[in-house]
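*Asks:* With the input below, show me the fold.
(chains A and B)
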2 protein chains.
Amino acid sequence: MQYLLTVSGPDGVGETVIEGGSTLLDALIAAGMDHMEAPCSGKGLCGKCRVRASGALSPPEPRERELLSEAELAAGLRLACRTCALGDVVIQRSVAGEAAILARGVSVEVAPDSPCVAVPLVLPASTLDDQLDDESRLLRALAGVLPSGRAPFSVRFSALAPLAAARGPSGLTAIVAGTEVLAVEPDSRPRRRFGIGVDIGTTTVVAHLVDLATGERLGHRSAVNDQRAFGADVISRIAATIERPDGLAELRGRIASQIGGMVHSLARSAGAAPADILTLAVAGNTTMLHLLAAVPPAAIAVAPFSAVFTRARACSPRDLGLDLPESCAVFLLPGVSGYVGADIVAGIMAVGMAERRETALLLDIGTNGEIALGGADGILCCATAAGPAFEGAGIEMGMGGVAGAVDSVWTDGSNLGSTTIGGEPALGLCGSGVIDALAVFLDCGLVDATGRVADAEEAAFLPAGIASLRREGGPRLYVDPAAGIYLSQGDIRQIQLAKAAIAAGIEVLLTRAGKSAGDIDRVYLAGGFGSALDLKSAIRIGLLPRELRDRVVVAGNTAGEGAVAACLSRDRLAECDRIRELCSYVELSSRPDFNAAYVEHMMFPEAK
Amino acid sequence: MQYLLTVSGPDGVGETVIEGGSTLLDALIAAGMDHMEAPCSGKGLCGKCRVRASGALSPPEPRERELLSEAELAAGLRLACRTCALGDVVIQRSVAGEAAILARGVSVEVAPDSPCVAVPLVLPASTLDDQLDDESRLLRALAGVLPSGRAPFSVRFSALAPLAAARGPSGLTAIVAGTEVLAVEPDSRPRRRFGIGVDIGTTTVVAHLVDLATGERLGHRSAVNDQRAFGADVISRIAATIERPDGLAELRGRIASQIGGMVHSLARSAGAAPADILTLAVAGNTTMLHLLAAVPPAAIAVAPFSAVFTRARACSPRDLGLDLPESCAVFLLPGVSGYVGADIVAGIMAVGMAERRETALLLDIGTNGEIALGGADGILCCATAAGPAFEGAGIEMGMGGVAGAVDSVWTDGSNLGSTTIGGEPALGLCGSGVIDALAVFLDCGLVDATGRVADAEEAAFLPAGIASLRREGGPRLYVDPAAGIYLSQGDIRQIQLAKAAIAAGIEVLLTRAGKSAGDIDRVYLAGGFGSALDLKSAIRIGLLPRELRDRVVVAGNTAGEGAVAACLSRDRLAECDRIRELCSYVELSSRPDFNAAYVEHMMFPEAK
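*Replies:* Numbering: from 1, shown residues only, chains lettered A, B, ... in the order given. Model (predicted):
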């Protein structure tokens, strides 16, 4: 029998004829969809070939019941390699390979209404009966064309001379931000104007170019933070500002010229002049923004970890050492505290948590795990010193998420399988590989609930293929013996500490909010870590409560998204201030309940 | 008989025994008060020896009735040379030599409450339970100690690093202006702080140093405007900005460095550091403020004479090219139009016109005669192109009011007398000398009501001493034949044009206000011109309406006084904005009634 397979996905809707009784995986591959994720080659081991399918399907196999939760099955998720077509079938391709993830990436809905606008005007010539000064004449004209509440009160000093020069019939364009006219250009012909949203991460700097009128994304630049030479984490950057004679100036110079370079490069790519970039909205952790502002961040490094500033700042490029025209309005987004910065506030704004009455959890796991819990009625935030284990750093075979990194690991109980990024020969483990590997070792009994690696005697009771992965030298557990990729006992302790810190942080916030994990309606995983994470593995090692397994949104670079939204929309920019006020910072280091929860979460959960 | 003469004056109260029947002038000279003004040596000719006397006095002589008005006599004014002591007498020395002037100089009552204040604080150290960022902590502390409405909203960028450095038990001092913390100093010990009021005249620049806490005047600097080399008047300065390649930068550099020099010199004289100067309030005509701000003033020079800016500006020294710390709040006072500048607004504020319901007239006569008429219900302003005749410029023998300038002239009907500044040999005529001379020539018939100098035949009918003053060469009328000091027919035409412009300006404003000269309750003569002016002569030549003769306050440098008041008091500073709104500018050049009045006032009034 032949049936119709309809596949709707990001690339559109396609129909193909399939043989009755074939697996969905085979059918999809036959239909040319060979970019399906199926690392175990359809053996029902890795669980990566999930699809949302409906129609005449074979009932779930036991292996599917193991790898998929009730909720996932109820939502129509199946393993494509274990499910057969018994009639016409429809597959939603968008969730293929995405496990229980509700959505991938957030897209902020923004009605473009930039905090900095270009207003073309032809001023009526002054006459003997109306000698109003140019400044007042301009402000009056702007009050006539701008919505009430947007009209500026004054003209910046540096714009007065250009204003004087812009008299006449060819008109002028006023660049307006807040209550001020920032600049005056001697031409009233409308031009395309741009905004840039920047996220300064400790590791990575990203800048997105958008069209301020349409909101269209036009490109981005992304690079390793040029301050990297001064240390990988926030603390070593701060140390550099203290230990080096001109450290602060050096670090500020690096980031200012890096951002300036990205802005100029983006402008060139769009055929725009630097003066066409009207708005720069900058997110970043509190230390990164201090460095950009050339404000000493030293106090952030030591208890009580207080910042010099966390409020939003509207400033000129000159204030930040940026080589950009004065007409560019730069907004440093607000943060909450020394360790819950503008990146988190921007992220909360981007995912829309502060607008909804449901209880949401935002997790941004990098070197520090920042956690925000709440919604429109209030948000609790904390930061945990999770360490860089989840970024693959501090792990013996750890590496970043680049080609050759083992990024997923699975087992069928008697053997291990793994994949690498780009299918390259394995070189090490990236964050998601570390978590997958540990989850697998827990599942197959090579690591116990306390994190201890089985000794040789204990391992002897395990299937031979599994037992052979344990070798002395720490001991070590091999993920890929041929390539020499392993997790050591020490690595496992690192992960244990990191996941305990995050899990305890979540628990403390829940306790403080009078809630439990089951009350969380939605979890946003922010940052690169969340994007690659295998959710089941994260739950298996106890990083996330089991209750959240089907409530996760992999939200992507929420800080960058927030910055883009803020540069496009005054409302979004103002929303950041509101979020700052909505947030209460919970300092974990001073809370006995955190220490208790930390110790408790050191244990790995029992297998389900 | 001997009587007691009590003299109270600026130097204190003195008592002396005098011979009954002696003139008050003789008595005062005998008592050592030989600095009495009596240019005619007590002949009852010049009217300069006026005193306010009470007690047993001889009745007014006819000559006193001629030289003093009823109001003056009623106010106790007498000519000291014509009044005899018939018993004990009290003389108020302060008005000696001041004719009918109600008061000399204005002193603004200011409760010191500077727009920029230094607030010493010791911030509570942050703790793990209170990790508020330093900026928020400072703003919270300031909200606690400052009156509501004065608490700032943000900390200026450049103050963040000093704020970070100022943690700790020795405290800090926040410099606050408007809604912003301008600077943070690492010390909470209170220091004396200062303000400086500056008036930038086209001719003269004056800066006054005051103690911001007490309002005490501590000194001043005054000098010819360093831009003088670029022309004597506003129009030639503007021309220099257009004609010279870097004219605007040159002119701005001159005035910025001149003001900077005065500020530093004043600071040194008070033993203060530049950082102790918290406030600089700057008055000046609109062109002078454009030049200081490096904003092209070209449009002020040509119809419709519009300025680029006239609103008040709070700015940083950097905006103006001033070599002063960022902590100094600089306020450019607001003006009304291209030719009614911040000097007039500051003057209106200083004399208190805008606070009273009475109708006042403020006259500031220099190169341009600025006129303001009104009170709390509204003020009409205009500027007349009076030309520099009243400053002695454009007059053949004219000169500034310096030693050797003839500054007063009088006649007894058959001869002329005159004095010079400092009693030096006569070199020329200053403004007051010009007006006196013309008034005298009118009185004695050498000039008729049309301004025509009598021809030789007509002069032959005059007393020989008078007739001999007329000589050919224009013709010329000699004030001091020996020294060769004269007024020419051309000079008289100049004066005629200038006084007609001012008188017509007053008339237009009165008409527009629906009032007549008699409705004016008070006249403020502002500037150096008013200080030296002989009021009767000014009325004689028709510069001022006769009705105003006993309503004049010689107000001195009202612009400088206003600037001082503004730097001492937020209310006074805000009052300037209110006055700007209260003022309506009347452009004379577009009004047919001005031209009519101008022609009409070309005539000199008939002698009373």
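*Asks:* Average pLDDT for the strand or helix carrying residue A:524, rounded please.
*Replies:* Using DSSP states H and E, the element containing residue A:524 is strand A:522-526. Per-residue pLDDT over strand A:522-526 has a mean of 91.
*Asks:* Would you give the sheet partners of that strand, along with the direction of each?
*Replies:* Paired neighbours of strand A:522-526 in the sheet (DSSP bridges): strand A:360-365 (parallel), strand A:552-556 (parallel).
*Asks:* I would like the residues contacting the following helix or strand past that strand, please.
*Replies:* Beyond strand A:522-526 on the C-terminal side, the first helix or strand identified by DSSP H and E is helix A:527-532. With contact meaning Cβ atoms under 8 Å, 6 or more residues apart in numbering or on different chains, helix A:527-532 is reached by A:104, A:204, A:363-366, A:390-391, A:401, A:407, A:430-432, A:524-525, A:554-559. C-beta here means a position set from N, CA and C on the backbone, and glycine is covered the same way.
*Asks:* among those, which ones are buried?
*Replies:* A:204, A:363-366, A:390-391, A:401, A:407, A:430-432, A:524-525, A:554-559 (16 or more other Cβ atoms under 10 Å in any protein chain shown).
*Asks:* I'd like the strands paired with strand A:522-526 as a markdown table, with mean pLDDT appended.
*Replies:* Below are the strands paired with strand A:522-526 laid out as a markdown table (pLDDT from 0 to 100):
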| stretch | mean pLDDT |
| --- | --- |
| strand A:360-365 | 93 |
| strand A:552-556 | 86 |
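*Asks:* related to what we said a few turns ago, contacts for the strand holding residue A:524 next, please.
*Replies:* The contact list for strand A:522-526, computed with Cβ under 8 Å, 6+ apart, reads A:102, A:106, A:347, A:351, A:353, A:358-365, A:530-531, A:533, A:544, A:548, A:551-559.
*Asks:* quick one, strands of the stretch 51-200 of chain A?
*Replies:* All strands of the stretch 51-200 of chain A, identified by DSSP state E, counting those that start in this stretch, fall at A:77-79, A:85-92, A:103-104, A:116-121, A:154-155, A:172-177, A:180-185, A:194-200.
*Asks:* Tell me the strands beside the last one, with direction?
*Replies:* Translated: strand A:194-200. When DSSP bridges is applied, strand A:194-200 pairs with strand A:204-211 (antiparallel), strand A:277-284 (parallel).
*Asks:* Run through the residues that contact the residue of chain A most remote from its centre.
*Replies:* Within chain A, residue A:128 marks the point farthest from the mean C-alpha position, 59.6 Å out by Cα atoms, centre = their mean. By Cβ under 8 Å, 6+ apart, the contact list for residue A:128 reads B:303, B:304, B:305, B:587, B:589, B:590.
*Asks:* ok, and of those, which contact chain A?
*Replies:* Residues of the contacts of residue A:128 in contact with chain A (Cβ under 8 Å from any Cβ of the partner chain): B:303, B:304, B:305, B:587, B:589, B:590.
*Asks:* Now, of those residues, which are buried?
*Replies:* Among the ones next to chain A among the contacts of residue A:128, the ones that count as buried by 16+ other Cβ under 10 Å are B:304, B:305, B:587.
*Asks:* now the strands paired with strand A:522-526 as TSV including distance to residue A:55?
*Replies:* Formatted as TSV, the strands paired with strand A:522-526 follow (distance: least, Cβ to Cβ, whole Å):
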stretch	distance to residue A:55
strand A:360-365	34
strand A:552-556	27
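*Asks:* which ones are touching the residue of the stretch 351-500 of chain A found nearest chain B?
*Replies:* Proximity of the stretch 351-500 of chain A to chain B (Cβ to the nearest Cβ) peaks at residue A:383, 11.0 Å away. Going by Cβ under 8 Å, 6+ apart, residue A:383 touches A:337, A:339, A:340, A:368, A:369, A:370, A:371, A:505, A:588.
*Asks:* and those near chain B, which?
*Replies:* The subset of the contacts of residue A:383 within reach of chain B, by Cβ under 8 Å from any Cβ, is residue A:337.
*Asks:* quick one: low-confidence parts of chain A?
*Replies:* For chain A, the stretches flagged by pLDDT under 70 are A:8-13, A:31-41, A:46, A:48, A:71, A:75, A:92-107, A:528, A:608.
*Asks:* Walk me through the domains of it.
*Replies:* Listed by automatic domain parsing, the domain ranges of chain A are A:2-97, A:123-185, A:194-332, A:357-388+A:495-596, A:389-489.
*Asks:* next one: the third one to chain centre, how far?
*Replies:* By that I understand domain A:194-332. Its chain's average C-alpha position is 17 Å from that of domain A:194-332, according to Cα atoms, centre = their mean, to the nearest Å.
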